[in-house]
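Asker: Sequence and predicted structure below; questions after.
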Amino acid sequence: MDSSPDQPAVERMARMRPVRQWLVLLIVSLLFAGALEYAALPAALLIGPMLAAILAGTNGTVRVPRPLFAAAQALVGCLVAASISTDIFAVFYKEWPLVLVVVLATLAASSLLGWLISRWRILPGTTAVWGSSPGAATAMVLMAGAFGADQRLVAFMQYLRVIFVSMTAALVAKMWVDTSGIEVPAIVWFPPIEPAAFAATLGVALVGGLLGRLCRLPSPFFLGTFIIGTIVHLGFGAAMQLPPWLLALSYAMVGWSIGLNFTRAILRHATRALPQIVGSIVVLIAFCGGLAWLISHVLGIDPLTAYLATSPGGMDSVAIIAAAAQNVDISFVMALQSARFLVVLIAGPSIARLVARAVRD
C-alpha cells in the first residue's frame, strides 16, 4: 500500500459520504473545465472533468453508474453522426486518390508509432495502438476498452495529442492569417428546444444503444447509435439537436468514467511514459506536416489548407481554425478530416488487432 505525506487527506476523502465526494468532484470539474475554456484549449468540457476525476479516483471511492455512462456514449454517437455532412461527398468524388493516399499514409505512420511503443513495452498490449490512432479521439477511447486496451492510458494519449495538434494548428494558422480580431461566438447553453429534432436525438440514442447491445457490437452504445444516427441523418435527412448543456453532461460523464478508474499505479505509469508519448505525438505532427508540404508543392494547394486538412486529429478545433481563415478551402479540409475519421472509426479495431499480433510475433 502506498504511503505518502498526503495519506491522511486521502483517507479523509475516501471516508467522505458519496454525496460529498460527488459535490467535490463537480466543483473541481467546473474549475478545471472553466480554466481550460478560458485558455482556449480544445475539448475542455471533457478534459476538465477527466482531470478532476483522476484526482478523485486516486483519493475517493465513487464511480459513475453504468446506465449514465451508456447514455453519455449514445449521445456522443449522435454527435458524431450529426457532424457528417453530405457536402463532403462531392470533394471525395473529385479528389478521392489524394484523400485515399493521405489517409492511408497517416494511418500507416500512426500504426507504426503504436507498434514501436508496444514493441518497446512502454505501454501494455494494444493500448499504444489505440492511443496513437489519428482522429476520432473520444470514439477511440470508448471502443478501446471493448477490445482489451487500457482505456485510461488510451484517453491519456488521445487527449494529450488533441491538445498538441490543436495548439500547433492554431499557431500555424496564425503565421498565415491574423485572427486576433475574430471573436468566437458565445455559447448559448440553453437554446430553445426543437421538439422534432430533440425527439429524433433521444430516439436515435435509445434505439441505437439497444440495437448495439442486441448485435453485440464492441462499445455497443456508441457504435450502435453512430450507425443508426448516420442512417437517419444522411439517409432520411432528419435533423438532430444536441443542446450544449446536454453535450456538457455527456462529456462530463465520459470524462468522469475514465478518470475515476485511474489508480496511483496507472498514473505513475502514464507519467513515466510521458516523454515517449510526447515524442510520438511530435513525430506524427511532423509527418503530417510533411504530407501537407508535399500536397501543397505538387498540387498547388494553399499551404494552410493542406496543413489543416492533414492535421492528425482535433477535427472540431481544426474546423474552427479553418472557418476563421479567409483563404482556406473549408470543404477540402473537412472532407479529408472526415474521411480519416470514418476510416479510423471503421478500420480501427482491425488495425489494432493486426498490430497487436505483430507485436506478439
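Answerer: Perfect, thanks for sending it.

Asker: residue boundaries of the helices in the stretch 151-300 of the chain?
Answerer: Here the stretch 151-300 of the chain has its helices, by DSSP state H, counting those that start in this stretch, at 151-176, 195-214, 220-230, 244-259, 264-272, 274-299.

Asker: So which of these is nearest L26?
Answerer: Counting by Cβ to Cβ, L26 lies closest to helix 244-259 out of these; the figure is 8.5 Å. Bear in mind the C-beta positions are built from the backbone N, C-alpha and C, glycine included.

Asker: Can you list the helices and strands that the closest one packs against?
Answerer: On a contact count with 3 or more Cβ pairs under 8 Å, 6 or more residues apart in numbering; DSSP states H and E, helix 244-259 meets helix 18-38, helix 44-57, helix 66-83, helix 137-144, helix 151-176.

Asker: And the pLDDT for A347?
Answerer: Each residue has a pLDDT score; the one for A347 is 80.

Asker: Count the neighbours of the closest residue in space to it that isn't next to it in sequence for me.
Answerer: The shortest distance from A347 to any non-neighbouring residue, by Cβ to Cβ, 6 or more residues apart in numbering, is to L107 (7.4 Å). Residues lying near L107 (other Cβ atoms under 10 Å) number 21.

Asker: Also L98?
Answerer: By other Cβ under 10 Å, 18 other residues sit near L98.

Asker: Same question for C78.
Answerer: By the criterion of other Cβ under 10 Å, C78 has 30 neighbours.

Asker: Show the contacting residues for it.
Answerer: Residues in contact with C78 (Cβ atoms under 8 Å, 6 or more residues apart in numbering) are T201, V204, A205, G208, T225, F226, G229, M240, L242.

Asker: list the contacts for the residue nearest to L260 when sequence neighbours are not counted?
Answerer: Nearest residue to L260 in three dimensions, chain neighbours excluded: G57, at 4.0 Å (Cβ to Cβ, 6+ apart). Contact analysis of G57 by Cβ under 8 Å, 6+ apart lists G259, L260, N261, F262, T263.

Asker: pLDDT wise, what is G57 at?
Answerer: 72.

Asker: Please tell me how far it sits from R63.
Answerer: 8 Å (Cβ to Cβ, to the nearest Å).

Asker: again with S110
Answerer: For S110 relative to R63 (Cβ to Cβ), the value is 31 Å.

Asker: Comparing those two, which residue is more hemmed in?
Answerer: Using other Cβ under 10 Å as the criterion, S110 and R63 rank with S110 on top: 28 against 14.

Asker: Check the gap between that one and A43 for me.
Answerer: 19 Å.

Asker: Quick check: A43 touching Y159?
Answerer: Yes: shown here, A43 and Y159 form a contact pair, counting by Cβ atoms under 8 Å, at 6.2 Å.

Asker: got the angle between the helix or strand containing V102 and helix 151-176?
Answerer: Secondary structure from DSSP states H and E places V102 in helix 88-119. Relative orientation of helix 88-119 versus helix 151-176 (axes from the mean of the first three to the mean of the last three Cα atoms, to 10 degrees): 120 degrees.

Asker: mind listing what's buried in helix 88-119?
Answerer: 88, 91, 95, 98-99, 102-103, 105-107, 109-118 (16 or more other Cβ atoms under 10 Å).

Asker: one step back: can you tell me which residues contact the residue nearest to A347?
Answerer: With contact taken as Cβ under 8 Å, 6+ apart, L107 is in contact with P134, R340, V343, V344, A347, I351.

Asker: how about these in CSV, adding distance to V172 and secondary structure?
Answerer: Formatted as CSV, the contacts of L107 follow (distance: Cβ to Cβ, whole Å; DSSP: H, G, I helix; E, B strand; the rest coil):
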residue, distance to V172, secondary structure
P134, 17, coil
R340, 18, helix
V343, 24, helix
V344, 22, helix
A347, 28, helix
I351, 28, helix
